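Enquirer: no sequence for this one, just the structure:
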């Protein structure tokens, strides 16, 4: 796992704040990437010196050019490589010889094209390692730092974005140009803007840690096409959020593709890659966004407005319809409509006409001019029962749009309370929107987006405590014994443990299992059943049989000694008939527990996130309703609580329509013990407890499968 | 119910296509509504004569003015009233005397302000009736007809919208100005644009039928704040859609408010007003939209492009990331990625560089110019495996945006196949977007919206057959006998039927009930149980007790005659203890059926939609998971099928993990019979069958409550 101390080797400071930059592969041809990058740097008024490096030119755009980077007389902090991919390694070698420690490789033609590209990427990685060079890319758009201390546009983006509190990281270069164009039109400013491409060296994780420390960055945005090391991303995000309080918003594409690749096993089919990703992001406190517009709608709420004290919203509108639609969205997003104080009510009564709606949402009526908006804002901003103010405007013939925009900026500047606005329409309202955006008032094309964005802010600040909760390690477990059983199974070439072995493993982690016995004769079956007490259930034990019901391998309920004997014979007969070659170890006898609620616990080792724990309601509720929750191990107590409470069937575990509440504490403990087992025993590939029966007091594993 | 023949009294043709228009209440003051309306008409180059009517002016804006409307020498087709609300009735009276049959009342100050406003509205309604006047409003923005045959802007909207195939109806006047501003920026054209305000006379239903017949309208949009007569809206929408094939898109605000007003009873809490609205819209084939942007994103897909042959999409992009995100959204919206033919593959191979991705989504790579887009489009448009083409563009430094936009318009014009585009960004791409919109290519700010819009189009055309499906009426029912029982209950002042009466009502509609008997002594209980056969269940029968479990009024399972006798005594004791004043009719004995799947059927009479039928899975599945579907009666066979298939638990009724399939045909029949019962017996306020046990063959009502 990377941590902050490893960052000091990454030379990221030199990438963002270089004193001197060499552009290797520069040329004089307008419209080419090397030329565009040079001009980007020159046009951005870079606070440092730029050195074009080109084998054939004496100067480019009036700037002295060098044949080789090693020819430059001064020390170079950062090199930008725009050389053809096939010879990039030669340029990088020269960078190493020159003592350059930070490089941006713009060139494409590496891993992303497969074949020779993969070799090329390995070659540059080797050279970088040899010379202790850190690099961004290859196959990227470059890097932008709007901080006046550097003001570096080391990219082929057309224009430098405005300065602002948003740090943007993108795996896709092409998306960056669209984002920059979008942001410029809306006066959204960036602190750092990084296209990291193939991330052959510097990854999104390194950059997350860098932005965590960057004073200019308040909000971190990340566009990802693959989560190559989910566990690392998860841990990094947790650390960044808990240490800096900066929100992380991520778009992760490939939802459905990943879903299709879901594993075939039972647990697997419930936990496709994208579901795990969703759960992991939630666990870390990452805000997952579906598209660029949604991401920026949320980002500007974090970036440009103070944190609200709570979830109570006042709505001011000059049109009833949008007021109602916004009210709907406030409630649907888990926020509340503020109730006004008596002073507010009086103030509104004094300053608004009788036809206006003076309760929340406040309708200042279609013919409202800036004075009425001012009155409504003044009253609501000062009201302690209001945490956030939403202002909606539709362009009526008498609406003084610009003036109202300026009033919003003015009034809100006197209070440490967030304000969002939605001026509906497009052409007529554009100038007003411009005023808002220049003044840092988040503007939304449709008023409902205000509620979504605010909801993200409110919940992010509410959930922060959960993210940093403590892990429990149980010392009463017998890891050695569990490992012994697992290792033996592996050594014997088995794919899964027998039921009694699985029970043994769980017992060693103090996950309660039902008292069971394995009988190998009619007499043993009778004795075992008598000893356990009736009613009992009997099941075949064989390492060759996973789905016992399908071969007639389960019989229940059994009420008497005779029935137990008969059941033994029937099971053996059934199995011999359906699977004559199965190696039969015996028949398991277990008490039949009634009452209690059946839940399932599962574990699956994900290639990106490591062990993932699943919890859900048992039986048809998991099969038909997929009512499950996932979390990446290790699971904290807060995680376990969330897992239990977030499933739809949670009321079934509480006091509900005459049922008694179930033992949720022991359930939490089981989840955490399972998490510990998964972390300590990597032999387990997959584990499926189905069902775990949760009683009013205590719980039992009734059936468990462990794959190794 | 209104039908098309009643429309001929509505004089709507005179409202949209008048030869002569009088503006009553006109004045010379710029910035006032009357002046703005006159100027709107003059500026729009109205194809007719406009007559200002003003007590104090000889002329307004150079146009001769009249003191009273009756003074006008010519016949007047349409009068626009912008008089103060308190004296509006005087002006309307004069319109009547003048023989004017069509009026638009712009003035506010009626029902929407309550009190005196309600009286005023009643007064104008009475006058309108006296003179057979049809009117739009009051409290509205007015009416716009872009048809060159009339070209009437009888509204105080700032500018006339472009001509186009969209008919827009709005209850909110204020929203109209925002919509017009939004549409103008995007070159979205309207056929008719109507703000209908308080709909004191002409309603959205009348207007729906008018737009159904209007040749200029291809798509109908409706913004509603209240569904005053849901049943009528439902029937009208069904008729419009089935007769004209025109899609209807509705925004209905007040989702949460209505939800909160949900009734307190069991069925009621499952079927809040907004859930009914959702279901009814779906049943009628109405496309419900959440906000204005979503509505227009969908409307332009219907309005400006041909109907696709199927659901297979080709994606062309110059950026991989957005291509992946769009692929996700295509799948998530129930569409498919097209598989290309060999010819297409060859064509792409010939014309695209080796680094391009030539499978779907096609990535023409960041440095693509118009020629590559052309190649990709030419190949996909001609490919019969492609039903719709999505074109995505991000603004790279070498992207010739305008030219690509023109290529899209040009290539697509040769094929009868829909094309949608998304040029990502804002400033740099604006000119290209403009080219697209002027050429009728639907453009979307984020590519994912293309999939949502197309999905609406594809599903609308697929579902149209369902909407017009035939109703079954069962002739084997005994409605008279059922009504007798219900009437008796009503006469006796009861709120709900006893269990055996409820059973009787259902039996008369051939909804199968369990053979039951009511015992009034220990001996009768034993006899009944013996006759029915064991195991049985026993339940208290009392009109004072609804929740039988709570008073110990149910005992099961009962296996012997003696147990039956004991159960009788215990139940009577329990009830006497918990509800000493309850009037006990006896104890019901019924067979205990095992196996089968428990479902519930319910009926609730909604004030707006009439009888609403509910179907859902029984037990906790309805209580915790709210897994229910709703439809408004009468229910067609197609409706019943949809109700059953759309719940999440549907697999439980089919062959599923070893269970046998249940009798879905009989279940459908029960739903339709219940619908018929609800339609024929208005005495029933609410009905709750919980559970209905569906077996492999047949089904039984195990418990039913009927409220009257």
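Expert: The structure has been received and is ready for your questions. Fair warning: this is a prediction, and the values are worked out from it, not measured in the lab.
Enquirer: Up against chain B, what does the stretch 1-150 of chain A have?
Expert: Neighbours of chain B within the stretch 1-150 of chain A, by C-beta under 8 Å from any C-beta of the partner chain: A:31, A:33, A:36, A:108, A:109, A:113. C-beta coordinates here come from the backbone N, C-alpha and C atoms, glycine included.
Enquirer: Which of the residues you listed fall in strands?
Expert: With strands identified by DSSP state E, none of the entries of these belong to them.
Enquirer: Can you mark which positions in stretch A:331-349 are buried?
Expert: Buried residues in stretch A:331-349, counting neighbours by 16 or more other C-beta atoms under 10 Å in any protein chain shown, are found at A:331, A:332, A:333, A:335, A:337, A:338, A:340, A:341, A:344, A:347, A:348.
Enquirer: so which of those residues also contact chain B?
Expert: A:331, A:332.
Enquirer: And the buried residues of stretch A:331-349, which two are furthest apart?
Expert: A:332 and A:347 (29.3 Å; C-beta to C-beta).
Enquirer: ok so, going back, tell me which of the buried residues of stretch A:331-349 is nearest to chain B?
Expert: Using C-beta to the nearest C-beta, residue A:331 comes nearest to chain B of the buried residues of stretch A:331-349, at 4.0 Å.
Enquirer: low-confidence ranges in chain A?
Expert: A:1-9, A:255-272, A:465-469, A:546-547, A:594-595, A:658 (pLDDT under 70).
Enquirer: Nearest residue to the middle of it?
Expert: Among the residues of chain A, the one closest to the centroid is residue A:281, at 2.3 Å (C-alpha atoms, centre = their mean).
Enquirer: tell me the contacts of the spatially closest residue to that residue that is not a sequence neighbour?
Expert: Counting by C-beta to C-beta, 6 or more residues apart in numbering or on different chains, residue A:288 is the residue found nearest to residue A:281 once chain neighbours are left out, at 4.7 Å. The neighbourhood of residue A:288, defined by C-beta atoms under 8 Å, 6 or more residues apart in numbering or on different chains, consists of A:249, A:250, A:251, A:252, A:277, A:278, A:281, A:282.
Enquirer: who touches the fifth one in this structure?
Expert: Contacts for residue A:277 (C-beta under 8 Å, 6+ apart) come out as A:227, A:230, A:252, A:258, A:288, A:609.
Enquirer: Then the second one?
Expert: Counting by C-beta under 8 Å, 6+ apart, residue A:250 touches A:221, A:222, A:223, A:224, A:281, A:286, A:287, A:288, A:289.
Enquirer: and stretch A:236-255, how far out from the chain's middle?
Expert: Relative to its chain's centre, stretch A:236-255 lies at 6 Å (C-alpha atoms, centre = their mean, to the nearest Å).
Enquirer: now what about the one helix or strand residue A:127 maps to, what contacts it?
Expert: Per DSSP states H and E, residue A:127 falls inside helix A:116-131. Residues from elsewhere that reach helix A:116-131, judged by C-beta under 8 Å, 6+ apart: A:85-86, A:88-89, A:92-93, A:95-97, A:101, A:103, A:105, A:109-111, A:133-135, A:138, A:198, A:200-201.
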